[in-house]
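S.K.: Test case, fold it:
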Amino acid sequence: MAEAREVWITGIGLVTCLGESLEGHWQGLSGPSSADTTSFAPYVVHRVVALDLDKQIPKKGDQRQMETWQRIGVYAAGLALDSAGVKGKPEFLSKMDMIVAAGGGERDGKVDISILDGLRHAENREVYLNQRLLSDLRPTLFLAQLANLMAGNISIVHGVTGSSRTFMGEEAAGVDSVRIAIARIAAGQSELGLVGSAYNAERWEVVLHYVLGRTLIHDKHTHVWERAAAGGGMELGTVAGFLVLEEKQHALNRGAKPFARLTSIESDHVKRTPGAIKAALDRMWSGVAARVKPDNAAVISGATGIAAVTAEERAFLENLPGLAVRATGTHLGHGLESQFPANIALAAMALQRGQLYPPCDSSGTERPMDAALRQVVVTSVGNWRGEALGLVEAVE
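M.R.: Numbering: from 1, shown residues only. Okay, here's the model as predicted:
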């Protein structure tokens, strides 16, 4: 029987409210949150740091034709390629596969507000709306809303020209981008892949979207587990996370050093009836439990803070054999499609350091971990649908 093909994480690109460097993220996760409670008051948003886009997107024309979510995604992808040592090397980029998780683009907020205001006074609202949509919306807006444009821009700017796939569907799309990349490498269909996502939370229309769904916390910043116990809600965050995934031998042949090994991704899509989320997580845990060594393992959780779904994830975590837990949403906010790839990246960063960053809440869910870190279980429970569990391990 052929030996299983290992999947190594050889490149990481992260752009969040904590910065764009791994050291900045490590320091940020060890300190207080930088949540913004004023820009979108009364709602809390974790805003991305200012970026010098010229570092990763040198042409101003390329920058101008992208929306914010595409700029930060292309920027993070460039960081991942740099990290892996393949940036600007066509011998690798020409065969690099790409899988991106994306939303549907950004709206022109000023036009939306103007049209909505005018509708209140229009004699014939249908005619008025059609006229304004035809005259006010620029044609490029529709093109910029195509989900696969981030992958296209990564290809244009960074020269990644292997196969390309784009998934849509909030948190589950981010899970599938990583899951499919692993499956392709394990099956021998790919040697080298770029996977990830970007989400821009700094938009009034997405704040409105989740307000109408009654899923946002407001008035003040709180830690994930604490807010879930007190009524719950998300704090949105602008997050871009990209990974270079590589078959072990391919990495060894070019002298690349791994951050960590990505062992498996389990995923599900259950109806949100009471108890269904915990049952799904229990099933997925059974697929990796035999491999996990509790004394040197931890959990990095993508918990949203929404009361019902987070309570079920917490119930699942309480049944695990003593694993230390960290919820990154406290520091990063919740980045929808990008949350899972970013958390995989943070897990790999911690494993490379051999330690877990400190706990930051007083609910009792997070506790210190003094032992060496060798394994991380990464969870994702979507705000509306989709559950997943990934196992990331240190490379000996």
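S.K.: residue boundaries of the strands in the protein?
M.R.: Listed in chain order, the strands found in the chain under DSSP state E are 7-15, 45-46, 97-101, 164-167, 192-199, 236-237, 239-247, 260-268, 297-301, 324-327, 375-381, 387-393.
S.K.: Format those strands as CSV; extra columns: mean pLDDT.
M.R.: CSV is the format used below for these (pLDDT from 0 to 100):
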stretch, mean pLDDT
strand 7-15, 98
strand 45-46, 98
strand 97-101, 97
strand 164-167, 95
strand 192-199, 98
strand 236-237, 98
strand 239-247, 98
strand 260-268, 96
strand 297-301, 98
strand 324-327, 97
strand 375-381, 98
strand 387-393, 98
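S.K.: Can you give me the domain boundaries for this structure?
M.R.: 7-106+145-393, 109-141 (automatic domain parsing).
S.K.: most packed of the ones you listed?
M.R.: For those, average neighbour numbers computed from mean count of other C-beta atoms under 10 Å are highest in domain 7-106+145-393, which has a mean of 21. In this view, the C-beta of every residue, glycine as well, is placed from N, C-alpha and C.
S.K.: Just the terminal-to-terminal distance for that one.
M.R.: The straight-line separation of the ends of domain 7-106+145-393 (C-alpha to C-alpha, to the nearest Å) is 10 Å.
S.K.: Can you tell me which of the strands of the chain is nearest to W225?
M.R.: Nearest to W225, of all those, is strand 324-327, at 6.3 Å by C-beta to C-beta.
S.K.: what's in contact with the closest one?
M.R.: 29, 223-225, 298-303, 317, 356-357, 359-361, 365-369 (C-beta atoms under 8 Å, 6 or more residues apart in numbering).
S.K.: Give me the distance between the closest residue in space to T379 that isn't next to it in sequence and K271.
M.R.: Nearest non-adjacent residue to T379, counting by C-beta to C-beta, 6 or more residues apart in numbering: S301, 4.8 Å away. S301 sits 22 Å away from K271, taking C-beta to C-beta, to the nearest Å as the criterion.
S.K.: quick one on the thing from earlier: now the strands of the chain in CSV, with distance to P90?
M.R.: Output for the strands of the chain, formatted as CSV (distance: least, C-beta to C-beta, whole Å):
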stretch, distance to P90
strand 7-15, 16
strand 45-46, 36
strand 97-101, 15
strand 164-167, 16
strand 192-199, 13
strand 236-237, 34
strand 239-247, 15
strand 260-268, 25
strand 297-301, 35
strand 324-327, 39
strand 375-381, 32
strand 387-393, 30
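S.K.: can you tell which of those is closest to L216?
M.R.: Across the strands of the chain, closest to L216 is strand 236-237 (C-beta to C-beta), at 7.2 Å.
S.K.: list the contacts for the residue nearest to V325 when sequence neighbours are not counted?
M.R.: Using C-beta to C-beta, 6+ apart and skipping the chain neighbours, the partner closest in space to V325 is V299 (4.5 Å). V299 makes contacts with 317, 320, 323-326, 376-379, as judged by C-beta under 8 Å, 6+ apart.
S.K.: For the stretch 151-300 of the chain, give me the ranges with low pLDDT.
M.R.: Judged against pLDDT under 70, the stretch 151-300 of the chain has no low-scoring part.
S.K.: give the contact list for A311.
M.R.: 228-229.
S.K.: give me that answer again for 7 Å
M.R.: A228 (C-beta atoms under 7 Å, 6 or more residues apart in numbering).
S.K.: separation between it and A394?
M.R.: For A311, the distance to A394 - C-beta to C-beta - is 31 Å.
S.K.: Next, name the residue at the spatial heart of this protein.
M.R.: Closest residue to the average C-alpha location of the chain: S338 at 2.0 Å, with C-alpha atoms, centre = their mean.
S.K.: what sits against that residue?
M.R.: Counting by C-beta under 7 Å, 6+ apart, S338 has contacts 174, 197-199, 239-241.
S.K.: Out of the residues you listed, which comes closest to V100?
M.R.: S197 (6.4 Å).
S.K.: you'd agree the closest one is up against V100?
M.R.: Yes. Between S197 and V100 there is a contact under C-beta atoms under 7 Å: 6.4 Å.
S.K.: Need the residues touching each of the two.
M.R.: S177.
S.K.: which stretches of the stretch 201-350 of the chain form helices?
M.R.: Under the criterion DSSP state H, counting those that start in this stretch, the stretch 201-350 of the chain contains helices at 204-212, 224-229, 248-253, 276-286, 307-318, 329-332, 339-353.
S.K.: I'd like these written out as CSV, with distance to V15 added.
M.R.: Output for the helices of the stretch 201-350 of the chain, formatted as CSV (distance: least, C-beta to C-beta, whole Å):
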stretch, distance to V15
helix 204-212, 18
helix 224-229, 21
helix 248-253, 24
helix 276-286, 29
helix 307-318, 25
helix 329-332, 11
helix 339-353, 9
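S.K.: re the thing from before, is the residue nearest to V325 bridged to anything, and to what?
M.R.: Following DSSP bridges, V299 is listed with bridge partners V325, V377.
S.K.: Skipping adjacent residues, who's closest to W204 in space?
M.R.: G109 (5.6 Å).
S.K.: List the residues that contact that neighbour.
M.R.: G109 sits next to 203-205 when contact means C-beta under 7 Å, 6+ apart.
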